[in-house]
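Colleague: Predicted model follows, preceded by the sequence.
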Amino acid sequence: MRTISQVAELTGISTRTLQYYDEIGLLKPSELTESGYRLYNDESLQKLQQILFFKELGFKLKEIKEILQKPDFDKIKAFKRQKELLLLKRNRTDRLIQLLNRLEKGEHYMSFKEFDLSDYITALEDFMQNNTDDVIKHWGSIENFDMFVQKIKDDESEVARLAIRQFGSIEKYTEAMKHNLEHFSELMETQLTEEAKKIGKQSDILYGRLAADLSEDVSSPKIQSIVHELLQLIQENSTSASLDKPYVNVLIDTYSSDYIKSMTDSKYGKGASDYIVKAFRYYSENNATENN
């Protein structure tokens, strides 16, 4: 048995932090002395080790507590998974350092591969394994979901570029996407409400009107009025608090990407994506004060 002071000295964690872990039920001492002093055995220290690994990987204390309290929690599997995630984190850090070395030397080198989506892709694969029913219900089949994940892998640099544009960093993007996966069922239920369906239908109608005649000048009052309606609809109903740029600029970035372009042209007709970008860009350049 070790006293709380001895554990603090061994691990570098303050006694106050260990007391807090006890208070929130994350790490209870093995036993208390008659005087009320906390004592920790080897099993407690192993649990503390697990907690520290999860913290290193960015998990919140509440999340760690929930994981450790699961009836089917397997510490060996957890160690293996933590090792995999830490290796991904190390590899990503190594790539960022290599990129910075090149930039430090004055090289004009632009790459988004260093900002990889490994963490997000891993979360998607875990989601597929642990939520088969949801995957089949909303994607139609496991194969369709596999294709979705593969598409992200194939276009990783492009998706990363969009993620950085819209969320500021891969970390923020991944955190938001993980949150969506963790609350997938709730979000889908919300999205399936009549109000959400109505908003989606309004958006489709507006994009359809915008791309109905690609020969029309994007500067025309008719086209710019549709763009304005779209932006109002998006801003009034968006839950993406992470966006720190004018929405019109985010949309320009989005529809300029090959990743989105093919889907847009498939839905609204060939050339629709380029036309939408031109219309948004004209709006941005001529309504500077309005869309900031």
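Modeller: All right, it came through fine. Numbers count the residues shown, from 1 in each chain.
Colleague: what about the strands in this structure?
Modeller: 2-3, 31-32, 38-40 (DSSP state E).
Colleague: For the second one, name the packing helices and strands.
Modeller: Using 3 or more C-beta pairs under 8 Å, 6 or more residues apart in numbering; DSSP states H and E as the contact definition, the elements that strand 31-32 packs against are strand 38-40. (Each C-beta comes from the backbone N, C-alpha and C, glycine too.)
Colleague: Tell me which residues touch Gln19, please.
Modeller: By C-beta atoms under 8 Å, 6 or more residues apart in numbering, the contact set of Gln19 is 4, 38.
Colleague: should've said Ile260
Modeller: Counted by C-beta under 8 Å, 6+ apart, Ile260 has contacts 162, 254, 273.
Colleague: who wins for most neighbours among these?
Modeller: When neighbours are counted by other C-beta atoms under 10 Å, Ser273 leads these with 24 neighbours.
Colleague: so that one sits right up against Ser266, yeah?
Modeller: No - between Ser273 and Ser266 there is no contact under C-beta atoms under 8 Å: 9.7 Å.
Colleague: Please tell me I have it right and Gln50 contacts Ala78.
Modeller: Yes - with contact defined as C-beta under 8 Å, Gln50 counts as touching Ala78 (6.2 Å).
Colleague: which one of those two has more residues nearby?
Modeller: A count of neighbours by other C-beta under 10 Å puts Gln50 above the other of Gln50 and Ala78, at 19 against 15.
Colleague: give the contact list for that one.
Modeller: 64, 68, 75, 78-79.
Colleague: hmm, try it at 10 Å
Modeller: 27, 64, 67-68, 73, 75, 78-79, 82 (C-beta atoms under 10 Å, 6 or more residues apart in numbering).
Colleague: Quick check on the residues you listed: which are buried?
Modeller: Buried by 16 or more other C-beta atoms under 10 Å: 27, 64, 68, 82, out of the contacts of Gln50.
Colleague: Any chance of those in TSV with pLDDT as columns?
Modeller: Formatted as TSV, the buried ones among the contacts of Gln50 follow (pLDDT from 0 to 100):
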residue	pLDDT
Leu27	94
Ile64	87
Leu68	88
Gln82	78
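Colleague: closest to Leu230 among these?
Modeller: Minimum distance to Leu230 across these is 42.1 Å, recorded for Ile64 (C-beta to C-beta).
Colleague: what stretches of the stretch 1-150 of the chain score poorly on pLDDT?
Modeller: 92, 107-116 (pLDDT under 70).
Colleague: In stretch 279-287, which residues are buried?
Modeller: Quick answer for stretch 279-287 (16+ other C-beta under 10 Å): 279-284, 287.
Colleague: no, scratch that, I was asking about stretch 127-134
Modeller: In stretch 127-134, counting by 16+ other C-beta under 10 Å, buried: 127-128, 131, 134.
Colleague: Gln202: which of the strands of the chain is closest?
Modeller: Closest approach to Gln202 among the strands of the chain (C-beta to C-beta): strand 38-40, 58.9 Å.
Colleague: Sheet partners, orientation included, of the closest one?
Modeller: strand 2-3 (antiparallel), strand 31-32 (antiparallel) (DSSP bridges).
Colleague: Just name the most buried of the ones you listed.
Modeller: The highest mean neighbour count among the strands paired with strand 38-40, using mean count of other C-beta atoms under 10 Å, belongs to strand 2-3: a mean of 17.
Colleague: what pLDDT does Ser257 get?
Modeller: At Ser257, the model reports a pLDDT of 70.
Colleague: Return the distance of it relative to Gly271.
Modeller: 16 Å (C-beta to C-beta, to the nearest Å).
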